[in-house]
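Asker: quick check, what structure comes out for this input:
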Amino acid sequence: MKHHIYIVMSVVAFAFMGGACSQTDDYQAGEETQTTPVEGIALSLESSQATIETGTRATVSGYSINSSIDPTNKDPKLRTNWKLDFKLFYQSSGATTEYLAGSFLGGIYDSATDKQYWRPVPTGGTDKWYFPNYFHPTANLLIYPDPAGVAYPAAVELDQSTSAALMAQDILFKNNEPVQIAHNMIYATSGSSTRSISVNHQRSMLDFIVSDVVHADIASVTVVVGTGVTAKEYTPFQVQKTGTTTGNQEYLLILPETTSTAPVVKIKTMDNSAAGASPITYLFTVGTTAFASNRCYYFTLQGNQVAFSPVTVTDWTTGQPVSGEYIAVTAYPTFKGTPNTTIYLYYDNKLTESNGAGGTRPKLQAVTFNNEGECTFKPDGRVITHIGVVNDFSQLIDLSTTSSTIKLDKMYIDLTSILGLINPPG
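Answerer: Predicted structure coming up:
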């Protein structure tokens, strides 16, 4: 299925014009007399009905982009405080020349019942705009928010934590593409009709899920782009959360299409006072490929496994896949210990298992080190509170009593020192 965002031009046509249209792309000196006056240009989203006649926005299974809860998929009439820049061009001797009679900047939205479109603002005594009647002119257009005191193009906002803040970053545009303006139009009986012009998203979108987490355990989710003094930390919009206490959290974030450094998803946990642990910050690098205009990037962070899925790339407008994808590396930490030995760990979340006699017992995690004394695996918790060499909780060392609990906030955890205390050499 295809998704289309449309610019619809409301025009007033005159019956005698049908036979006076120029049949070439060449601009003619007297063509001002062969033009169609333009009342305004209306922006709308195609209906989401799955019919042959109606285009649809394709969605990616499991994600929210282009669905009913995606703020950028809402009726563009909600963007009534936005403005429209429209530049029309014709071809002359191989060069592109702007057709000023059909071009305007800062068009404003007219919400009157019989209008509901962006109309040109009178400038320099001009209050009428015209589209020339030749086959294939080209157009550049830009639909952008116009907050008081902020001139376009405004920088992408760091805080996109609300639906309105996210949508305000979604610039719509068309860049020097052919359009059919007046020629071959089918005019309505009333003397007016419409002709659509499709547009795309100018910027890039991230749609990512932090899955299988305890919601109360997540203090913040942000995205960092760049390093050092030039780094920017963005707050995404949480588009949905599943489950009451545990489940998935999905986020949307719009980034500049010129982003050329790998964004890093930063997840900070809450304090775990019961285990005496400070907040832990996990960092996940999205990839290294530069972002592109009108692209959406989807991925999932496996919160309970500290893992990162591959990134799927689609055309944001159509929802169709784009060739190539990021290759993300699974992010399990590596532990260092005594070669060819097995130890047992217990964590701050106090998992239990059946004891085979109708009751429960602490669930220990067995870890076996290889010949190099390393083991990479998914921890059962965030903080190691007990450790030992026997598969018996009562014989493990309680690290909390010695103020030496081990926070798993790094990708390489060296346990050799604590294991040396359990089994002193010699």
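
Asker: on the three-state scheme, Thr338 is what?
Answerer: Secondary structure of Thr338, reduced to three states by DSSP: H, G, I helix; E, B strand; the rest coil: coil.

Asker: check what pLDDT it gets.
Answerer: On the pLDDT scale, Thr338 is placed at 91.

Asker: before we move on, what about Gly358?
Answerer: Taking Gly358 on its own, its pLDDT is 90.

Asker: got the phi and psi for it?
Answerer: Main-chain dihedrals, Gly358, degrees, to the nearest 10: phi 90, psi 0.

Asker: now do Gln202
Answerer: phi -80, psi -30.

Asker: ok, it touching Arg295?
Answerer: No. Gln202 is beyond contact range of Arg295, at 10.9 Å (criterion: Cβ atoms under 8 Å). All C-beta atoms are positioned from the backbone trio N, CA, C, and that covers glycine.

Asker: check which helix or strand covers Pro379.
Answerer: Counting by DSSP states H and E, no helix or strand carries Pro379.

Asker: quick one: contacts for the residue lying closest to it once chain neighbours are set aside?
Answerer: Among residues not flanking Pro379 along the chain, Leu408 sits closest, at 5.4 Å (Cβ to Cβ, 6 or more residues apart in numbering). Counting by Cβ atoms under 8 Å, 6 or more residues apart in numbering, Leu408 touches Ile280, Pro333, Pro379, Gly381, Arg382, Val383, Ile384.

Asker: so what pLDDT did Leu408 get?
Answerer: 75.

Asker: which stretches of the stretch 151-300 of the chain form helices?
Answerer: Secondary structure of the stretch 151-300 of the chain (DSSP state H, counting those that start in this stretch): helices at 163-167.

Asker: poorly predicted segments of it, please.
Answerer: 151-153, 178-198, 272-278, 288-289 (pLDDT under 70).

Asker: for Ser67, which non-adjacent residue is closest in space?
Answerer: Excluding the flanking residues, the one nearest Ser67 by Cβ to Cβ, 6+ apart is Thr59, at 5.4 Å.

Asker: quick one: that neighbour is in a helix?
Answerer: No. Judged by three-state DSSP, Thr59 forms no part of a helix; its state is coil.

Asker: how many neighbours does it have?
Answerer: Thr59: 19 surrounding residues under other Cβ atoms under 10 Å.

Asker: before we move on, what about Val322?
Answerer: Val322, neighbours per other Cβ under 10 Å, totals 16.

Asker: thought it was touching Val313?
Answerer: Yes. The pair Val322 / Val313 is scored as a contact, 4.4 Å apart, by Cβ under 8 Å.

Asker: any shared contact partners between these two?
Answerer: Taking Cβ under 8 Å, 6+ apart as the contact rule, Val322 and Val313 both touch Arg295.

Asker: hmm, back to that, common neighbours of Gln202 and Arg295, please.
Answerer: Common neighbours of Gln202 and Arg295 (Cβ under 8 Å, 6+ apart) are Glu257.

Asker: which parts of the stretch 301-426 of the chain are helices?
Answerer: Going by DSSP H, counting those that start in this stretch, the stretch 301-426 of the chain shows helices at 416-422.

Asker: element containing Phe86?
Answerer: Using DSSP H and E, Phe86 sits within strand 82-92.

Asker: buried ones in that strand, by neighbour count?
Answerer: Neighbour-count burial for strand 82-92 flags Trp82, Lys83, Leu84, Asp85, Phe86, Lys87, Leu88, Phe89, Tyr90, Gln91 (criterion: 16 or more other Cβ atoms under 10 Å).
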